[in-house]
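Student: 3D model of this:
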Amino acid sequence: MSDWGSRDHYQAMVKAKIIGRMPGAVIVDIAHSIPPFNLNSASFVLRNTFAEFPRGTFHLIDIMADATIEMPHVVVLYDGHYFIGSDNGIFSLVFDHAPDRIVEIDMIQDTDTYTFATFDIFIKVVQHLDGGGTLEEVGSDREALTTRIALRPVTTPDLIKGHVIYIDHYENVITNITRPLFMEVGRKRNFVLTFGAARYSVTTISQSYKDVAPGEILAFFNATGHLEIAVSMGNAAGLLGIRHDDSVRMEFI
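Tutor: Residues are numbered from 1 along each chain as shown. A predicted model of the protein is given here:
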(Lines give C-alpha, C1' and ligand atoms only; values in the text may rest on other atoms or scores of the structure.)
Protein backbone atom coordinates (compact mmCIF):
# COMPACT_ATOMS: atom_id res chain seq x y z
CA MET A 1 0.00 0.00 0.00
CA SER A 2 1.32 3.45 -0.86
CA ASP A 3 0.55 7.00 -1.89
CA TRP A 4 2.56 6.68 -5.12
CA GLY A 5 -0.43 6.98 -7.44
CA SER A 6 -0.55 5.13 -10.76
CA ARG A 7 1.10 7.58 -13.15
CA ASP A 8 4.73 6.98 -12.26
CA HIS A 9 7.17 4.07 -12.38
CA TYR A 10 7.29 3.24 -8.66
CA GLN A 11 4.79 0.36 -8.68
CA ALA A 12 6.50 -1.31 -11.63
CA MET A 13 9.94 -1.04 -10.03
CA VAL A 14 8.74 -2.69 -6.82
CA LYS A 15 6.79 -5.47 -8.52
CA ALA A 16 9.62 -6.27 -10.91
CA LYS A 17 12.06 -6.55 -8.02
CA ILE A 18 9.70 -8.82 -6.07
CA ILE A 19 9.15 -11.10 -9.07
CA GLY A 20 12.88 -11.23 -9.76
CA ARG A 21 13.70 -12.27 -6.20
CA MET A 22 10.61 -14.33 -5.35
CA PRO A 23 9.14 -15.64 -8.62
CA GLY A 24 6.30 -17.43 -6.86
CA ALA A 25 5.12 -14.41 -4.90
CA VAL A 26 1.47 -13.40 -5.12
CA ILE A 27 1.30 -9.60 -5.28
CA VAL A 28 -1.94 -7.85 -4.34
CA ASP A 29 -2.26 -4.08 -4.59
CA ILE A 30 -4.31 -2.80 -1.67
CA ALA A 31 -4.23 0.85 -2.75
CA HIS A 32 -1.77 3.28 -4.31
CA SER A 33 -3.97 6.38 -4.53
CA ILE A 34 -3.97 7.25 -0.84
CA PRO A 35 -3.84 11.06 -0.55
CA PRO A 36 -0.14 11.95 -0.15
CA PHE A 37 1.10 11.65 3.44
CA ASN A 38 -2.42 11.00 4.76
CA LEU A 39 -2.00 8.39 7.48
CA ASN A 40 -5.65 8.59 8.53
CA SER A 41 -6.88 7.54 5.09
CA ALA A 42 -4.17 4.91 4.82
CA SER A 43 -5.03 3.41 8.19
CA PHE A 44 -8.73 3.20 7.26
CA VAL A 45 -7.92 1.23 4.11
CA LEU A 46 -5.41 -1.06 5.81
CA ARG A 47 -7.62 -1.67 8.84
CA ASN A 48 -10.48 -2.81 6.63
CA THR A 49 -8.46 -5.08 4.34
CA PHE A 50 -5.59 -6.85 6.07
CA ALA A 51 -7.66 -9.41 7.96
CA GLU A 52 -9.10 -10.74 4.69
CA PHE A 53 -5.63 -11.95 3.68
CA PRO A 54 -4.29 -15.28 4.94
CA ARG A 55 -2.05 -15.34 7.98
CA GLY A 56 1.60 -15.12 7.04
CA THR A 57 0.94 -12.34 4.52
CA PHE A 58 3.51 -9.54 4.27
CA HIS A 59 1.95 -6.06 4.11
CA LEU A 60 4.30 -3.35 2.80
CA ILE A 61 3.28 0.20 3.71
CA ASP A 62 5.14 3.00 1.94
CA ILE A 63 3.52 6.19 3.20
CA MET A 64 5.72 8.70 5.00
CA ALA A 65 8.23 5.86 5.00
CA ASP A 66 11.51 7.73 5.45
CA ALA A 67 13.27 6.38 8.52
CA THR A 68 14.35 8.61 11.40
CA ILE A 69 15.69 7.93 14.87
CA GLU A 70 12.22 8.55 16.30
CA MET A 71 10.39 6.70 13.52
CA PRO A 72 12.56 3.82 12.31
CA HIS A 73 11.62 1.13 9.83
CA VAL A 74 9.99 -1.81 11.60
CA VAL A 75 8.53 -5.25 11.11
CA VAL A 76 5.37 -5.70 13.17
CA LEU A 77 3.84 -9.12 13.80
CA TYR A 78 0.11 -8.82 14.53
CA ASP A 79 -2.44 -11.64 14.48
CA GLY A 80 -0.22 -13.72 12.21
CA HIS A 81 0.38 -10.93 9.69
CA TYR A 82 3.69 -9.16 9.00
CA PHE A 83 3.56 -5.40 8.53
CA ILE A 84 6.63 -3.60 7.21
CA GLY A 85 6.82 0.17 7.21
CA SER A 86 7.89 3.23 9.14
CA ASP A 87 6.89 3.52 12.80
CA ASN A 88 5.15 6.81 12.06
CA GLY A 89 1.97 6.09 13.99
CA ILE A 90 -0.05 4.33 11.30
CA PHE A 91 0.00 0.98 13.08
CA SER A 92 -1.56 2.44 16.23
CA LEU A 93 -4.51 3.51 14.05
CA VAL A 94 -4.89 0.04 12.52
CA PHE A 95 -4.51 -2.38 15.43
CA ASP A 96 -7.09 -3.08 18.13
CA HIS A 97 -4.54 -4.38 20.62
CA ALA A 98 -0.79 -4.52 21.17
CA PRO A 99 1.12 -6.40 18.46
CA ASP A 100 2.77 -9.73 19.13
CA ARG A 101 6.20 -8.38 18.25
CA ILE A 102 7.94 -5.23 17.00
CA VAL A 103 11.39 -5.41 15.41
CA GLU A 104 13.41 -2.39 14.32
CA ILE A 105 15.01 -3.16 10.96
CA ASP A 106 18.79 -3.17 11.05
CA MET A 107 19.64 -4.87 7.76
CA ILE A 108 21.94 -3.34 5.16
CA GLN A 109 19.74 -2.08 2.35
CA ASP A 110 20.21 -2.88 -1.33
CA THR A 111 20.86 0.66 -2.52
CA ASP A 112 22.77 3.73 -1.43
CA THR A 113 19.70 5.97 -1.61
CA TYR A 114 17.20 6.59 1.18
CA THR A 115 14.07 7.85 -0.57
CA PHE A 116 12.29 4.66 -1.71
CA ALA A 117 11.94 2.45 1.34
CA THR A 118 10.00 -0.42 -0.23
CA PHE A 119 12.48 -0.79 -3.07
CA ASP A 120 15.56 -0.06 -0.95
CA ILE A 121 14.96 -2.31 2.08
CA PHE A 122 11.41 -3.66 2.60
CA ILE A 123 11.62 -6.22 -0.22
CA LYS A 124 14.91 -7.49 1.17
CA VAL A 125 13.26 -8.05 4.55
CA VAL A 126 10.38 -9.97 2.97
CA GLN A 127 12.78 -12.13 0.97
CA HIS A 128 14.75 -12.90 4.12
CA LEU A 129 11.70 -13.90 6.18
CA ASP A 130 9.97 -15.74 3.35
CA GLY A 131 13.15 -17.75 2.82
CA GLY A 132 13.20 -18.97 6.41
CA GLY A 133 15.23 -16.19 8.01
CA THR A 134 14.38 -15.05 11.52
CA LEU A 135 13.22 -11.76 12.95
CA GLU A 136 16.30 -11.80 15.20
CA GLU A 137 18.41 -11.50 12.05
CA VAL A 138 16.32 -8.56 10.84
CA GLY A 139 16.97 -6.35 13.86
CA SER A 140 16.31 -5.74 17.53
CA ASP A 141 13.04 -5.76 19.42
CA ARG A 142 11.18 -2.58 20.34
CA GLU A 143 8.80 -2.33 23.27
CA ALA A 144 6.10 -0.15 21.74
CA LEU A 145 4.94 1.61 18.61
CA THR A 146 4.58 5.32 18.01
CA THR A 147 1.03 6.38 18.87
CA ARG A 148 -1.21 8.72 16.90
CA ILE A 149 -4.53 9.97 18.21
CA ALA A 150 -7.41 8.87 16.00
CA LEU A 151 -10.36 11.14 15.34
CA ARG A 152 -13.24 9.63 17.29
CA PRO A 153 -16.89 10.66 17.35
CA VAL A 154 -18.09 12.88 20.18
CA THR A 155 -21.48 12.00 21.64
CA THR A 156 -24.12 13.45 23.92
CA PRO A 157 -27.54 11.89 24.65
CA ASP A 158 -28.97 13.55 21.52
CA LEU A 159 -25.98 14.09 19.24
CA ILE A 160 -23.16 12.34 17.41
CA LYS A 161 -20.45 14.58 16.00
CA GLY A 162 -18.20 12.68 13.62
CA HIS A 163 -15.63 13.38 10.94
CA VAL A 164 -14.84 12.41 7.37
CA ILE A 165 -12.13 9.75 7.50
CA TYR A 166 -12.00 8.63 3.87
CA ILE A 167 -13.12 9.66 0.38
CA ASP A 168 -13.13 6.82 -2.12
CA HIS A 169 -12.53 6.72 -5.89
CA TYR A 170 -16.16 7.64 -6.58
CA GLU A 171 -15.85 10.52 -4.11
CA ASN A 172 -18.27 8.86 -1.72
CA VAL A 173 -17.70 10.27 1.76
CA ILE A 174 -17.01 7.82 4.60
CA THR A 175 -17.29 8.96 8.21
CA ASN A 176 -16.17 7.55 11.55
CA ILE A 177 -19.78 7.12 12.70
CA THR A 178 -20.48 3.38 12.91
CA ARG A 179 -23.75 1.47 12.89
CA PRO A 180 -23.37 0.28 16.53
CA LEU A 181 -22.79 3.86 17.70
CA PHE A 182 -25.80 5.06 15.70
CA MET A 183 -27.98 2.36 17.28
CA GLU A 184 -26.67 3.07 20.78
CA VAL A 185 -27.18 6.83 20.75
CA GLY A 186 -30.15 7.00 18.39
CA ARG A 187 -32.35 4.40 20.08
CA LYS A 188 -34.59 4.27 16.97
CA ARG A 189 -35.32 8.01 17.08
CA ASN A 190 -35.65 10.32 14.10
CA PHE A 191 -32.56 12.31 13.22
CA VAL A 192 -31.11 15.04 11.04
CA LEU A 193 -27.66 14.42 9.56
CA THR A 194 -25.96 17.66 8.49
CA PHE A 195 -22.70 18.04 6.55
CA GLY A 196 -20.95 20.23 4.02
CA ALA A 197 -20.65 23.12 6.50
CA ALA A 198 -24.29 22.42 7.46
CA ARG A 199 -25.52 23.29 3.95
CA TYR A 200 -26.87 19.79 3.32
CA SER A 201 -28.91 17.34 5.36
CA VAL A 202 -30.37 13.83 5.28
CA THR A 203 -33.09 12.43 7.54
CA THR A 204 -33.22 8.76 6.53
CA ILE A 205 -30.82 5.84 6.29
CA SER A 206 -30.88 4.20 2.86
CA GLN A 207 -29.98 0.63 2.01
CA SER A 208 -28.25 1.18 -1.34
CA TYR A 209 -27.35 3.80 -3.93
CA LYS A 210 -30.50 2.87 -5.89
CA ASP A 211 -32.83 4.01 -3.11
CA VAL A 212 -32.84 7.57 -4.46
CA ALA A 213 -33.00 9.11 -7.90
CA PRO A 214 -29.75 9.96 -9.74
CA GLY A 215 -28.31 13.20 -8.41
CA GLU A 216 -29.96 12.94 -5.01
CA ILE A 217 -28.06 12.75 -1.71
CA LEU A 218 -28.27 9.68 0.50
CA ALA A 219 -26.64 8.20 3.59
CA PHE A 220 -26.26 4.54 4.50
CA PHE A 221 -24.02 2.16 6.43
CA ASN A 222 -21.52 0.57 4.06
CA ALA A 223 -19.82 -2.83 4.02
CA THR A 224 -17.35 -1.77 6.72
CA GLY A 225 -20.15 -0.57 9.00
CA HIS A 226 -19.37 3.13 8.60
CA LEU A 227 -21.85 5.86 7.76
CA GLU A 228 -21.34 6.87 4.14
CA ILE A 229 -22.65 9.97 2.38
CA ALA A 230 -23.11 9.71 -1.37
CA VAL A 231 -24.80 11.23 -4.38
CA SER A 232 -26.51 8.63 -6.54
CA MET A 233 -24.57 8.39 -9.82
CA GLY A 234 -22.51 11.40 -8.72
CA ASN A 235 -19.43 12.48 -6.76
CA ALA A 236 -20.52 13.60 -3.31
CA ALA A 237 -17.24 15.09 -2.11
CA GLY A 238 -16.84 17.30 -5.16
CA LEU A 239 -20.48 18.28 -5.54
CA LEU A 240 -21.03 19.00 -1.85
CA GLY A 241 -17.64 20.54 -1.12
CA ILE A 242 -16.66 17.95 1.49
CA ARG A 243 -13.03 17.24 2.39
CA HIS A 244 -11.05 14.92 4.64
CA ASP A 245 -11.52 15.67 8.36
CA ASP A 246 -14.65 17.77 7.79
CA SER A 247 -17.21 17.39 10.55
CA VAL A 248 -20.67 15.81 10.27
CA ARG A 249 -23.46 16.09 12.83
CA MET A 250 -26.25 13.65 13.57
CA GLU A 251 -28.88 15.18 15.88
CA PHE A 252 -31.63 12.97 17.26
CA ILE A 253 -35.13 14.31 17.77
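
Student: identify the bridge partners of the residue nearest to F53 when sequence neighbours are not counted.
Tutor: The shortest distance from F53 to any non-neighbouring residue, by C-beta to C-beta, 6 or more residues apart in numbering, is to H81 (6.9 Å). To be clear about C-beta, it is placed using only N, CA and C from the backbone, and glycine gets the same treatment. Beta bridges link H81 to Y78, judged by DSSP bridges.

Student: residues near H81, how many?
Tutor: Residues contacting H81 under the criterion other C-beta atoms under 10 Å number 18.

Student: what do you get for the one 4 residues further on?
Tutor: G85 sits with 27 neighbouring residues when counted by other C-beta under 10 Å.

Student: before we move on, what SS does it have?
Tutor: strand (DSSP: H, G, I helix; E, B strand; the rest coil).

Student: contacts only, for I253.
Tutor: By C-beta atoms under 8 Å, 6 or more residues apart in numbering, the contact list for I253 reads D158, R189, N190, F191, V192.

Student: that one and Y114, how far apart?
Tutor: 56 Å (C-beta to C-beta, to the nearest Å).

Student: and the contacts of I253, which is closest to S201?
Tutor: Taking C-beta to C-beta as the measure, V192 is the one of the contacts of I253 closest to S201, at 5.5 Å.

Student: that closest one belongs to a strand?
Tutor: Yes: the assignment for V192 is a strand, going by three-state DSSP.

Student: my read: it touches T203, true?
Tutor: Yes: taking contacts as C-beta atoms under 8 Å, V192 lies within contact range of T203: 5.6 Å.
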